[in-house]
Each structure stands twice: as structure tokens, then as C-alpha cells.
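K.L.:
pasting a predicted model and its sequence here:
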Amino acid sequence: MMTKWRLQAAFLFVAAAGVWWLAAVPFAQQPQNRQQNPPAQGAPASGAQQGEPAQTPQGPTFRGGIDFVRVDVIVSDKKQQPVTTLTQDDFEVLEDGKPQKIEQFRLVQVDGRPKAGDPPPREIRNRDDEEREAARDDVRLFVFFLDDYHVRQANSMTVRTPLTRFISTLQPNDLVTVMYPLSPVSELLFTRDHKSVITAIERFEGRKYDYRPRNLLEENYVRYSTDDVERIRNDVVMSALRGLSTHLGALREGRKSVVFVSEGFTALLPPQMRRQDASRPADPIQAAAGGALADSPREQTAEWFSQSDVYSRLRDVFDTANRNNTAFYSLDPRGLAPFEFGFDDLPAGAPTPSFATDRRVLQMTQDTLRSLSEETDGRAIVNRNTLEQGLASMVRDSSAYYLLGYTTTQAASDGKFHQIQVRLKRRDLDVRARKGFWALTPADVERVRNPAPAVAKPVQTALASIATSVQSGKYVRTWIGTEKGSNGKTRVTLIWEPLPQTPGNARREQPGRVSLLAATQSGDLVFRGRAPDAALAAAAPAAAPNDTGPAGARTPAAPAASAPQRIVFDAPPGKIELRMTVEAAGSGGTLDQEIRDLAVPDFTAPQAALSTPRVFRARTARDFTAVAADASAVPTATREFSRTERLLIRFDAYGAGTERLEPTAVLLNRSGGKMADVPIAAGAAGSTHQIDLSLGAVPPGEYLVEVTLKAGSGEVKELVALRVTS
């Protein structure tokens, strides 16, 4: 068993690696079929846009290197209007008081509107579109980071209105996305569909001081003390901010703006709000005793040290944001807040914090927001009710600024903070620029000069699929696989299974059925059916879910599903669109919906091919014997398993003619390195192979089973990612 702090470190490592799921992602999907962004991030999904000329990014390429420093400078007049008539000779840059030679200079002006005669703004359909459009000079990038860990539910509802009003004022060229603390950076995709972003904002729900787990990993530390949970939440958010800054820096050199919606980082809870077990209600007697200690010198000393610890960890966020020219605009949804704690925040029987305690905690949280903005050249929209005015100032900052670059004459690898000061020869103007940067350490320089081998993209994509398989959406997790069908078609299998109940979702409606509609890009119906239910005939006239069956009779609602369900149909090779609807048990009402594009492979081609591997889990020897003997067993959709379980992985291999096919398999670590060979046995069917994988000897962690098929026509691989828990 991992200790509490080892588990916390593992939790944070996974968050920094970008394999967390977004709580609002509705369905899981195989990596090779994923091209869309989760709906909570507001990004449309489909294949690459056809028939449009490629647009090359404009503007000069800036230098790089460990000794090259970039800084953007905002200049405004006394009326707070941007000044855009300055030249390089008007600026002076000092680092630690020593003048630096400006080697790169550029004025960036953009209003988000397409120029006259330009084609309509390009729709962002995939990662290539995003990278191409983000690099353009006439595009502004805005990220809305919704810190649900540090926003009360009531305040998250209040802030939706000013945020949605602001988004509606953005221009057609502006690229926007939404991120949560548990969002994997690899899943972020900017969009110009601002209405979808508004829809995502309207679902924002704060969780401050609410310690009920919303996913399986949060259950790992739900029984920690409330102070420990708050510390973990702080670290998760900071890790996400660092990852976001790095991702934005890779997209473009110019300024990037992040709206950080948060009530600030919690350094230390008042004594009357602390619990040794966050999953249990507070003890009124202990809460009352804690209230008597709130203003003691010992408690104030603990607050000071806790706040110092928060700022020391925030330093890495400042440094990463400044290196990647990312500005944070902290937006406090509390508005003009006279107090921090309300009656809803305190446990029953707990005394109300004194005015001094309340003001200290409020000031500490607000100061973290101010520091995050001031250190990254943003603006803190804190302690004010005019939130939209603060957001408008962010737009002005992103619309006109000067981008400067110079080679530092100081020690570029001393690991120390170097102050930057930008001055103008004109004294009647206001100048804003970041305050400085932290230099690399010798160890950092060594990593830059001798980087570790990069993890292959297929491995990264496969590992990222683990998280979405653990919790694909609010109600179900899904898996889609393909294999050779009949009459030249491909057999498509959709597996769905209900998410396990947790203390956070025990009272909500449970899923009873999933309805599926599949159609080609030309609109021809391929399949319509439900599970559990008799499949509706393919190409039959469409009917509303929960309406009528093939004979016109009303389909009764299904009971709550307790086991994985399967929908199988044959489809022609090529792209098809899947429309899935999750129906509630008992009532039959709609719980969730998703539209997904699927690239159906062609297994009739002469090249070697593998079906999507199917994973079956067994908790006992009897379970395994039953699964191994059942060729029609239903596979599982999840990719997280216990060390006490035993897996059976089945797949089909296809080749040309009578060629003998002998696939091989190996077990890889999360970096893609080989750990061991995995034996493959022939299954019941001629082309079916299977792997018997016992997890008892595998330490907890993330792994991949790589299946390789070599044939005369070439080589093909399939990856099965697994997370093993203790």
C-alpha cells in the first residue's frame, strides 16, 4: 500500500503528465478515433476540413535558446488607451539594472475581425487547424480556466452571466477554449464556436469545501484530512496551470490570455472547519473547541507558514507562464466581498470565525490571485463587482502590445530571479511588462541540451485513453472496437457500462439504456438500435429515442443497467457519424447525448490488419474459465484494473490469402520501454488470438500491451493501455 504522501505525489505526477479526464467528457473513445474536444471544452468534432487552401502563419520567427529572453510590453496613455506609434529606439530594457540590447522588436495589433476580402474564419476541426490558426498574427487566444476546486457552487452560478456576456462580445477570429483543473492538456482544442463555449460555461459548478468525490481517483484521498485535501487541490490546480502555460507557449510566440476563475488558493482552514476525515461530517464538539483556537498566536503562525508554502509553489507557475508569454487574469467570482465564510461553509455547531480570522483568510486568498496576475503581466479582477470591465481590459491588452527579445548578459543558468525593467524615453505614457524571470538551473540546462527520449505519440495517446475509459461521462463509460464483418463490411461494436455509484452520485438517476444512430457523411442511415433492447432494423425510418419500436409500439423504459451492454452492427469502410443517447432507468428520459465521428477501417484490403483488441476481466479463476470458454462474452470498457484481477485480451489478425500469421506481443512501461514478452495463444476461431495476462506480479502503475503483426504486406501494431491499482 502506498503511504498518503506517496499517493499524493503519484496523483500530482499524473495531473502534470496531462492524462486526467475532464469531468464533463461524455464518452470514451479509442485513440485512433479521437479528433474532437470534449464538449465541456466547447470544441466541435469532425474530420479535417476539405477543399480549403492552407494558410501559412505570418510574422517573423523569434530566436530561442536558454539565454534568450522574451517580454511583451503594453503601453497606454493617461486615458488607458493603447499607444501603437512607438519604435524600437523608444524602449530601453534593463535586467538587474544593466541595459540589454534589444534584438527582436515587433508591434502586435489585432482586433479579432477578419480583414476585408479575406475568406471566412477557418473552422477548427482538428489539431492541425488549431496550430495553423493559432500562429496567425490576427488571432487572439483566450482560455477560461474554471477552478471548480476553489469556487463555491453559488458563486459559480453567479459568475456564469458576466462570463457568457463577455464571450458573446468576442470577434470571429478569436480562438477560445475552456479548461478545468482535471482537464488533460492533450485534450484541449481551441474553437471559434463561441456558442459552444458559452454552453460549457453555463455548466460550471463550483466545489469549494465540498469534498465528495466525483471520480474514482478522488476516492483515493477522500478519507484524508480536510487540510490535506486542500493541499492536494492546490497542487493539482498549479500543475494544470503550468501544463497549460507550456502548451500555450508551444502554439505561438505572441501573448496568450488565461481567465483564471477562482476564489484563490486555500492555505489553511480555520480550526473549526478542519476534519481528520474529509468524508465524514464534522463533530460539533471538536468544531466548537477548534473555534476557540482560531485567533491564538500559534494558529496565526501556522497560517503564515502555510501561506509561505503556497507562494513557494506558485513560483513555478509564475516562472512557467513567463517563459511561455502567458498572462493570467485572475477573476474572483465573489466580487466585492466583505467576508470569506458564510453559514453554509461552517459545520453544524461550529462557532462563526471572528472578524479578524475572516479578514485574514479573505485577504490571503485574494493576495494569491493578485500575485498570480501581477507576476505574469495580467490584471487581477479582484474585490470588484464590475467583472466585465476587467475582462474588457484583458481584451485591450491582447489587442495591442510590443513583443521584445534580447540575449541576457547575466548568468543564464544560475537558477536565480532576474529583474526586468522596461523604460520609455517618453514620460507621459504608462508601461506594463513582467517583472522578471527565474533563470534555469545547471540541471535544467543539462536536460535541455540532452533531452530524454520523447515518448512516442501513439503511446501518449493510448495512455491518455485510460482516463476517459475510467470515467467517460457523468453516467456511462464506453468503448468502440472494429473487426472484419461480412459482405465486405466492417463490424463495429459499442460497449457501454454504467459508472459505479459513489457518495457524490448515489442519488442521481441511473442509466438504463443507450440508443445509437449511425449514418454516413452523405446522410445514409447505417444503423439504429438500443441496448439493452432488440436492435431496430438498419435503414428504417428514424424515430425519436424512447418513442416507438419497429412495430410502432412505445418502447418501455429499461431498468438500471448493472452489467456491460453491447451494440453490434456492420458498416461500410469510411467515416460515419454516431449519435448516442443515454436514457434514464425507469423514466426513459434523456440523461446525456453525444455526436462522434468514427473512421471505419477497411479489412478487405490485402494489407495485414488487426482488429481492435477486446479486454475481458476476471476476478476469480471461475470467472476466467467462463470468459475463456465464451466466444460471445461482452468485453469491458474500462482500462483500470486491480492487481488481484486476471485479463483476457482477444484480437483478430488478417492477412492476404493463405499467409501464416504469427502476431507477437510485449508489455511496455508508460514511457514505451519494453518490459517483457507476452505469450499469445490461438483462440477458438481461426483468426482469433488471445493473451492471458495476470496482474498479480505487476506493480501499480500504467502499462501498455503492444500487439504486432508482421506480414509480407507490412507491419501493423495495436496498443492496449492499462492502469493497475493496488
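P.N.:
Structure received. It should be emphasised that the depicted structure is a prediction, and the values quoted were computed from it without experimental measurement.
K.L.:
and Pro270, its phi and psi?
P.N.:
As for Pro270, its main-chain torsions (degrees, to the nearest 10) stand at phi -60, psi 150.
K.L.:
same question but for Val151, I mixed them up
P.N.:
phi -130, psi 130.
K.L.:
cool, and Gln307?
P.N.:
According to degrees, to the nearest 10, Gln307 has phi -70, psi -40.
K.L.:
where does the closest residue to it other than its chain neighbours land in three-state SS?
P.N.:
Excluding its sequence neighbours, the residue lying closest to Gln307 (Cβ to Cβ, 6 or more residues apart in numbering) is Ala267, at 4.4 Å. The C-beta positions use only the backbone N, C-alpha and C, and glycine is treated the same way. With DSSP: H, G, I helix; E, B strand; the rest coil as the basis, Ala267 sits in coil.
K.L.:
do the same with Leu719
P.N.:
strand.
K.L.:
state the distance from it to Pro613.
P.N.:
9 Å (Cβ to Cβ, to the nearest Å).
K.L.:
again, but for Ser308
P.N.:
The value you get for Ser308 to Pro613, if Cβ to Cβ is used, is 50 Å.
K.L.:
pick out whichever of the two has more residues nearby.
P.N.:
Pro613 (21 against 11; other Cβ atoms under 10 Å).
K.L.:
pull the number of nearby residues for the nearest residue to that one once chain neighbours are set aside.
P.N.:
Leaving aside its chain neighbours, Pro613 sits nearest to Phe651 (4.3 Å; criterion: Cβ to Cβ, 6+ apart). By other Cβ under 10 Å, the residues close to Phe651 number 25.
K.L.:
the bottom helix or strand of the chain by mean pLDDT?
P.N.:
Within the chain, no helix or strand scores below helix 4-17, which has a mean of 39 by mean pLDDT, DSSP states H and E.
K.L.:
would you mark the buried spots in the helix or strand Asp129 falls within?
P.N.:
For Asp129, the element it lies in under DSSP states H and E is helix 127-134. Applying a neighbour-count criterion of 16 or more other Cβ atoms under 10 Å, one finds Asp129, Glu130, Arg132, Glu133, Ala134 buried in helix 127-134.
K.L.:
so which elements touch it?
P.N.:
strand 175-179, helix 226-251 (3 or more Cβ pairs under 8 Å, 6 or more residues apart in numbering; DSSP states H and E).
K.L.:
confidence score at the residue nearest the centre of the chain?
P.N.:
For the chain, the residue sitting closest to the mean C-alpha position, by Cα atoms, centre = their mean, is Ser183 at 2.0 Å. Looking at Ser183, its pLDDT reads 87.
K.L.:
isn't it right next to Ser239, touching?
P.N.:
No. Assessed by Cβ atoms under 8 Å, Ser183 is found out of contact with Ser239, at 11.4 Å.
K.L.:
pull the number of nearby residues for Arg619.
P.N.:
Neighbourhood size, Arg619 [other Cβ under 10 Å]: 12.
K.L.:
thought it was touching Arg643?
P.N.:
No. If you go by Cβ under 8 Å, Arg619 and Arg643 don't touch, sitting 11.4 Å apart.
K.L.:
what's the burial count for Tyr149?
P.N.:
25.
K.L.:
next one: the closest residue to it other than its chain neighbours from Val185, what distance?
P.N.:
Sequence neighbours aside, Arg233 is the residue nearest to Tyr149 in space, at 4.2 Å (criterion: Cβ to Cβ, 6+ apart). For Arg233, the distance to Val185 equals 18 Å [Cβ to Cβ].
K.L.:
and what of Val476?
P.N.:
In terms of Cβ to Cβ, Val476 sits 25 Å off from Val185.
K.L.:
those two: which is more packed in?
P.N.:
A count of neighbours by other Cβ under 10 Å puts Val476 above the other of Val476 and Val185, at 26 against 22.
K.L.:
report the contact partners of the more buried one.
P.N.:
Phe27, Trp496, Glu497, Pro498, Leu499, Pro511, Val514, Val582, Asp592 (Cβ atoms under 8 Å, 6 or more residues apart in numbering).
K.L.:
with adjacent residues omitted, what lies nearest to it?
P.N.:
Nearest to Val476 is Trp496, by Cβ to Cβ, 6+ apart, at 4.9 Å.
K.L.:
I'd like the average pLDDT over the helix or strand where the one you found lies.
P.N.:
Element membership of Trp496 [criterion: DSSP H and E] is strand 490-498. Taken as a whole, strand 490-498 carries a mean pLDDT of 93.
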